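Participant: Based on what follows, work out the 3D shape:
(one chain, ligands or ions: 1)
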Amino acid sequence: MSELNKIALKIISEGKGILAADESTGTMTKRLEAVNVKSNEENRLNFRKTLFTSESMKKCIGGVILYDETIRQSAGSITIPELISQSGTVVGIKVDTGAKPLAGSPNEKITEGLDGLRERLKEYYKLGARFTKWRGVYSISDKFPSKLSIHSNAHALARYAALVQECGMVPIIEPEVLMEGNHSAQVCYEKTCDVIKKCFEELILNKIDLTGVILKPNMVLDGAKNIKKIKSEQVAQLTLKCLEESVPREVPGVAFLSGGQSEIEATENLNVINKANNTKFIMTYSYGRALQQSALKHWSLNIKDTSGTQKVFNHRANLCSLAAQGKWSRNLEIQS
Ligand code: 13P
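Facilitator: Numbers count the residues shown, from 1 in each chain. Presented below is the predicted three-dimensional model:
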């Protein structure tokens, strides 16, 4: 077993998943302002520290993805990476620098951040990171995602992954086909398959050790503006079919993004996916909003209420962990 494979399995095995706490300062500011909290360095740290010291970290959170600001912060005498490691959780870092208009198809996006990446990775490794994230983003319309966007983003993801593995870390490969639009789940299935297949074609060309990556895809869903919504069982069936057809067997696991689904939706869909999972891939979560939304809401009402906020977070993390094992049920959603 390679070192990278060991790290990947430590992050996603035994009902554990990933807490995506890597919102850029711009995105975190939007999240905090939406609940009427001022976005300053102290508040961003306080909320995140509250999550990182929660009881459920040990059992439910195998990895945390940080943003550049957070990986450099401290909590009293220890650094944030040290604090996270105390729970046995692996520290991760978002290393892309965001999605910009794609020259040649400016209504689509290309993710940037390859320049100087090798040097930045060495620094993040020294700061304690052992895995990384890079997100490519694709929209669905009659013309999109274009061949150019599918190809360019896959190429960037593969070059990123090669540099990350060279530095001894596990790359999360995140091709996110967005939910926006009124498309059907069948269209989402077709486009998601195209996108993921191209990513692996480029990863293989770039000689990536596939046992040392984690795929972070979207689930296959109807577009957010489509009034028709397929049931969880169909989400699971289409998602599993897509992954089985598109992901090489060597990949140890898949950690889904929540992408704008509600907490309960994201948990229920993951649960049904695991109940129906007859692939060899581990299927777990790498949620941002679907792990943090209720906790953030609770915290915003009283930012001194650490234990109350942690109780809300623990509840959600435990339910996600049950879903990652196919053991969730709706009646567990009710919190005492
Ligand atoms: P969401 O689960 O909120 O989609 O965030 C996951 C993520 O890391 C997006 O890049």
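Participant: got the contact list for the residue in the chain that the ligand sits nearest to?
Facilitator: Nearest residue of the chain to the ligand: residue 288, at 2.8 Å (CB to the nearest ligand atom). (C-beta placed from N, C-alpha, C; glycine too.) Residue 288 is in contact with 20, 21, 22, 23, 257, 258, counting by CB atoms under 8 Å, 6 or more residues apart in numbering.
Participant: cool, residue 287 as well?
Facilitator: Residue 287 is in contact with 17, 18, 19, 20, 256, 257, 258, 266, 320, counting by CB under 8 Å, 6+ apart.
Participant: if you set the cut-off to 7 Å instead, what comes out?
Facilitator: Applying CB atoms under 7 Å, 6 or more residues apart in numbering to residue 287 gives the contacts 20, 257, 258, 266, 320.
Participant: does residue 209 really touch residue 165, like I thought?
Facilitator: Yes - here residue 209 reaches residue 165: they are 5.9 Å apart, a contact under CB atoms under 7 Å.
Participant: joint contacts of those two?
Facilitator: residue 4.
Participant: Now do the SS call for residue 18.
Facilitator: At residue 18, secondary structure determined by DSSP: H, G, I helix; E, B strand; the rest coil is strand.
Participant: got the residues of the stretch 151-300 of the chain near the ligand?
Facilitator: Counting by CB under 6 Å from any ligand atom, the residues of the stretch 151-300 of the chain close to the ligand are 174, 257, 258, 259, 287, 288, 289, 290.
Participant: let's go with 8 Å and repeat that
Facilitator: Contact residues (CB under 8 Å from any ligand atom) of the stretch 151-300 of the chain with the ligand: 174, 176, 216, 257-260, 266, 286-292.
Participant: ok so, going back, now render the contacts of residue 287 as JSON lines, adding secondary structure, neighbour count and pLDDT.
Facilitator: Supplementary listing: the contacts of residue 287 in JSON lines, determined by DSSP: H, G, I helix; E, B strand; the rest coil; neighbours: other CB atoms under 10 Å; pLDDT from 0 to 100:
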{"residue": "20", "secondary structure": "strand", "neighbour count": "28", "pLDDT": "99"}
{"residue": "257", "secondary structure": "coil", "neighbour count": "24", "pLDDT": "98"}
{"residue": "258", "secondary structure": "coil", "neighbour count": "26", "pLDDT": "98"}
{"residue": "266", "secondary structure": "helix", "neighbour count": "26", "pLDDT": "98"}
{"residue": "320", "secondary structure": "helix", "neighbour count": "29", "pLDDT": "99"}
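Participant: for these, which one is nearest residue 54?
Facilitator: Nearest to residue 54 among these, counting by CB to CB, is residue 320 at 12.8 Å.
Participant: The closest residue to that closest one other than its chain neighbours pairs with what?
Facilitator: Excluding its sequence neighbours, the residue lying closest to residue 320 (CB to CB, 6 or more residues apart in numbering) is residue 285, at 4.9 Å. Counting by DSSP bridges, residue 285 forms beta bridges with residue 256.
Participant: now the stretch 201-336 of the chain, which segments are flagged as low pLDDT?
Facilitator: Residue ranges of the stretch 201-336 of the chain with pLDDT under 70: 336.
Participant: let's go with 50 and repeat that
Facilitator: In the prediction, the stretch 201-336 of the chain carries no residues with pLDDT under 50.
Participant: ok, residue 239 touching residue 219?
Facilitator: Yes - Residue 239 lies in contact with residue 219 (CB under 7 Å); the separation is 4.9 Å.
Participant: picking that back up, what about the residues of the stretch 151-300 of the chain next to the ligand, which are in strands?
Facilitator: Counting by DSSP state E, those place 174, 176, 286, 287 in strands.
Participant: Who wins on neighbours among those?
Facilitator: residue 286 (28 neighbours; other CB atoms under 10 Å).
Participant: That one against residue 20, yeah?
Facilitator: Yes - between residue 286 and residue 20 a contact is recorded at 5.4 Å, counting by CB under 7 Å.
Participant: in the stretch 201-336 of the chain, which spans are helices?
Facilitator: With DSSP state H, counting those that start in this stretch as the definition, the stretch 201-336 of the chain shows helices at residue ranges 232-246, 263-276, 289-301, 306-323.
Participant: between those, which gets nearest to residue 40?
Facilitator: Among those, the nearest to residue 40 by CB to CB is helix 289-301 (14.1 Å).
Participant: buried residues in the closest one?
Facilitator: Residues of helix 289-301 classed as buried by neighbour count (16 or more other CB atoms under 10 Å): 289, 290, 291, 292, 293, 294, 295, 296, 298, 299, 300.
Participant: so how far is it from its chain's centroid?
Facilitator: Here the centre of helix 289-301 is set off from its chain's centre by 17 Å, with CA atoms, centre = their mean, to the nearest Å.
Participant: what does that helix contact?
Facilitator: Helix 289-301 has contacts (CB under 7 Å, 6+ apart) with 19, 31, 35-37, 47, 50-51, 258, 261, 263, 266, 305, 308-309, 312-313, 316-317, 320.
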